[in-house]
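Attaching a predicted model along with its sequence, questions to come.
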Amino acid sequence: MRSFCIGDRVIDSGQLQAMLSNFEELPTIPDILFHILKILDDPDSGAADLAEVVRLDVPLTARILRLANSPYYSTRGDMGDIHRCIAVLGYRTIRQVAICVSVATSVVSAAGRAQGDLDYKELWRHSVATGAISKNLAEMTGYPAPEEVFTAGLLHDLGKFVLEIYSPCSYGKVISARKRNGMSLLESEREAYGFDHAVLGEAFGFSWRFPGMLTRCLGHHHDLLTKPCVTGSEEHAVSLVALADYLAHTLVPAKCDLGFDADSLNVKDLHMASGLTMEEVSDQEETLRNVVSKSSIYLDIR
């Protein structure tokens, strides 16, 4: 087996290498997302460049306008073009919305076409809830770019979607069999495929040239962090997404088994790593439920 690097990991899996190479069966990066990420890489680019790229994709523009005029982002409801969206909501926000919509259009739609055993709509609902909670937690802790943490939370289970697309007849069974076999979800995935959904998500993020923080959250949101992270660091973003993942499962439980293993988590450590106490988060439960409710606009953006 060949070794190759994904971020700071060295992966040994011929099957994973083959999966990453076989883009005929798996979702490729949409052209529009490729151009958006190029803008991200260019320090001289700005709002006007983003607006021009987005306007080339009429369906994407329509989805962004719908989201921008929703209660989740604005109570004004008067934003009729992408330039105004950027002016009112900010370049960072629209940039992240564009990334989220582009990936969802590609990956979630592909999961639906796969017609597998896993309820991909319920997985997307959990993803949206995790994104909304991630952003709220980021704001509570003073993270400098909460919209970026929203994106990381929304896409944290990208690897699960890819497994559903790649193996629609077996992935649901891998999830349901783990408890019977006394295994965690990650252990069950590794036994079945040679890698887990977090490693796979990170691999795709790296292949698609996602920003470093986003890629790290895809690959490390199940890591056990046991000490407070530096505010604004990549590790802090990972800890926020990890806590949001747990809270999404507990505050708005999924209607089916998505592989949540509550017994394997140290809830106190989850909170501590993010820089929040359990009491602080508990006091905000109603607020968190409200932001999840408002974020439901993301449930139908494909």
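That came through, no problem.

give me the low-pLDDT residue ranges for the stretch 151-300 of the chain?
Counting by pLDDT under 70, the stretch 151-300 of the chain contains no low-confidence range.

can you map out the helices along it?
In the stretch 151-300 of the chain, the helices defined using DSSP state H, counting those that start in this stretch lie at 158-166, 171-180, 185-193, 197-207, 212-220, 234-251, 267-274, 278-283, 285-294.

now these as TSV including distance to C100 and mean neighbour count?
Where you see a C-beta, it was placed from the backbone N, CA and C, and this is true even at glycine. Listed next are the helices of the stretch 151-300 of the chain as TSV, based on distance: least, CB to CB, whole Å; neighbours: other CB atoms under 10 Å:
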stretch	distance to C100	mean neighbour count
helix 158-166	11	25
helix 171-180	23	18
helix 185-193	24	19
helix 197-207	14	24
helix 212-220	11	25
helix 234-251	14	24
helix 267-274	22	20
helix 278-283	24	13
helix 285-294	15	15
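
Out of those, the one nearest L89 is which?
Within the helices of the stretch 151-300 of the chain, the stretch nearest L89 is helix 285-294; the backing value is 14.5 Å (CB to CB).

how far off helix 234-251 does the closest one point, in degrees?
Relative orientation of helix 285-294 versus helix 234-251 (axes from the mean of the first three to the mean of the last three CA atoms, to 10 degrees): 90 degrees.

from here on, count from 15
OK, 15 is where the count begins now, so the last one is helix 299-308.

who touches helix 299-308?
The contact list for helix 299-308, computed with CB atoms under 8 Å, 6 or more residues apart in numbering, reads 84-86, 142-143, 146-147, 149-150, 261-262, 265-266, 295.

Can you tell me which of the residues you listed are buried?
If you count burial by 16 or more other CB atoms under 10 Å, the buried members of those come out as 84, 86, 142-143, 146-147, 149-150, 261-262, 265-266, 295.

Next, format the helices of the stretch 165-314 of the chain as a markdown table and append distance to K52.
Putting those into a markdown table (distance: least, CB to CB, whole Å) gives the following:
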| stretch | distance to K52 |
| --- | --- |
| helix 172-180 | 20 |
| helix 185-194 | 32 |
| helix 199-207 | 32 |
| helix 211-221 | 15 |
| helix 226-234 | 15 |
| helix 248-265 | 22 |
| helix 281-288 | 32 |
| helix 292-297 | 38 |
| helix 299-308 | 31 |
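
Tell me which of these approaches L54 most closely.
Minimum separation from L54 across the helices of the stretch 165-314 of the chain (CB to CB) falls at helix 226-234, 10.1 Å.

separation between the closest residue to K187 other than its chain neighbours and L137?
Nearest non-adjacent residue to K187, counting by CB to CB, 6 or more residues apart in numbering: D131, 6.5 Å away. Distance from D131 to L137, counting by CB to CB, to the nearest Å: 12 Å.
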